[in-house]
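Chemist: quick one, fold the following:
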Amino acid sequence: MSEVKIAAEPRTEFGKGGARRTRRAGLVPAVLYGHGEKPKHIALPAREFAAAIRHGGANQLFAIEISDGTQALALPKAIQRDPVKDTFEHIDLLLVRRGEKVTVAVPVQLLGDAAPGTLVVHESDTLSVSADATRLPDHFEVSIEGLEAGSKITAADVPLPDGTELEADPETTIAVISVAPSAEALEGETAEGEAAEGEAAEGAVAEGASEEQPAAAQ
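Modeler: Predicted coordinates:
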């Protein structure tokens, strides 16, 4: 994954008020830390950062050029989003060096179709690996083409590029292939659920009526 150059400004305002003013200016509050250095508070252009994350994913490497003349190479460590506006609220950035190995969670994509009549159950969407900070894969691919019910994809089954090492337990389950329920079975479950709900409702009505009877007798 290639690095993305992005400009940044030193941030001097802190607290909720300062963060709101930063975001109103089209910037995202962020902090740079790592390698024993004192944390540095900066602000990144929101649109450029969002575009880079959309293209490269959460492990996008950034070459940050700060307006005070300093430069930094960093990876997003934690990204806080506004769940309603779907905007970035704050970013923690981990300082890295070229040639340094880092541990990250990389998305896993399943390719192909399992055998007819089966259902693919995702157990884990990411895989923990270590790799050179400047050569992080943006995703892994593993085929499930033609797999029969009872098959399982584990971390050990996922092909890794040269220079990338598995950090997760090799037995970690990524996906399981099971028998797909038939339409009749699904209809039966729906009917049973509706019957159970009806019985529960009738019981509640009967219970309510029995509670009202003594009051009426009085």
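
Chemist: domain ranges for the chain?
Modeler: 4-96, 102-179 (automatic domain parsing).

Chemist: who touches I79 in this structure?
Modeler: Residues counted as contacts of I79 (CB atoms under 8 Å, 6 or more residues apart in numbering) are I53, A58, F88, H90, I91, D92. For glycine as for every other residue, the C-beta is placed from the backbone atoms N, C-alpha and C.

Chemist: one more: A8?
Modeler: Residues touching A8, when contacts are defined by CB under 8 Å, 6+ apart, comprise A30, I42, A43, L44, I64, E65, I66, S67.

Chemist: ok, now A78?
Modeler: Under the criterion of CB under 8 Å, 6+ apart, the contact list for A78 reads I91, D92.

Chemist: tell me which element it is part of?
Modeler: Using DSSP states H and E, the element containing A78 is strand 71-82.

Chemist: mind listing the strands that strand pairs with, and their directions?
Modeler: Here the strand partners of strand 71-82, with direction, are listed using DSSP bridges: strand 62-66 (antiparallel), strand 87-95 (antiparallel).

Chemist: may I have it exported as CSV, CA atoms only?
Modeler: Listed in CSV are the C-alpha atoms of strand 71-82, where the atom choice follows Å, rounded to 0.1, in the frame of the first residue of the first chain:
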residue,chain,number,x,y,z
GLN,A,71,7.4,15.6,9.0
ALA,A,72,6.0,12.3,10.3
LEU,A,73,5.1,8.8,9.0
ALA,A,74,2.1,7.4,10.8
LEU,A,75,-0.7,4.9,10.7
PRO,A,76,-4.2,5.4,12.1
LYS,A,77,-4.4,3.6,15.4
ALA,A,78,-7.9,4.7,16.5
ILE,A,79,-10.6,6.6,14.5
GLN,A,80,-13.6,8.1,16.3
ARG,A,81,-16.6,8.8,14.1
ASP,A,82,-19.9,10.6,14.6
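
Chemist: buried sites along that strand?
Modeler: Judged by neighbour count using 16 or more other CB atoms under 10 Å, the buried positions of strand 71-82 are A72, L73, A74, L75, P76, K77, I79.

Chemist: any idea how far the nearest residue to A43 once chain neighbours are set aside is from I79?
Modeler: On the basis of CB to CB, 6 or more residues apart in numbering, the spatially nearest residue to A43 that is not a chain neighbour turns out to be L27, at 3.9 Å. As judged by CB to CB, to the nearest Å, L27 and I79 stand 15 Å apart.

Chemist: go on, N59?
Modeler: Distance of N59 to I79, given as CB to CB: 11 Å.

Chemist: what do you get for G99?
Modeler: Distance from G99 to I79, counting by CB to CB: 25 Å.

Chemist: then T12?
Modeler: For T12, the distance to I79 - CB to CB - is 22 Å.

Chemist: please enumerate the strands of this protein.
Modeler: Applying DSSP state E to the chain gives strands spanning 4-10, 27-34, 37-45, 62-66, 71-82, 87-95, 101-111, 118-122, 126-132, 140-143, 152-154, 165-166, 173-179.
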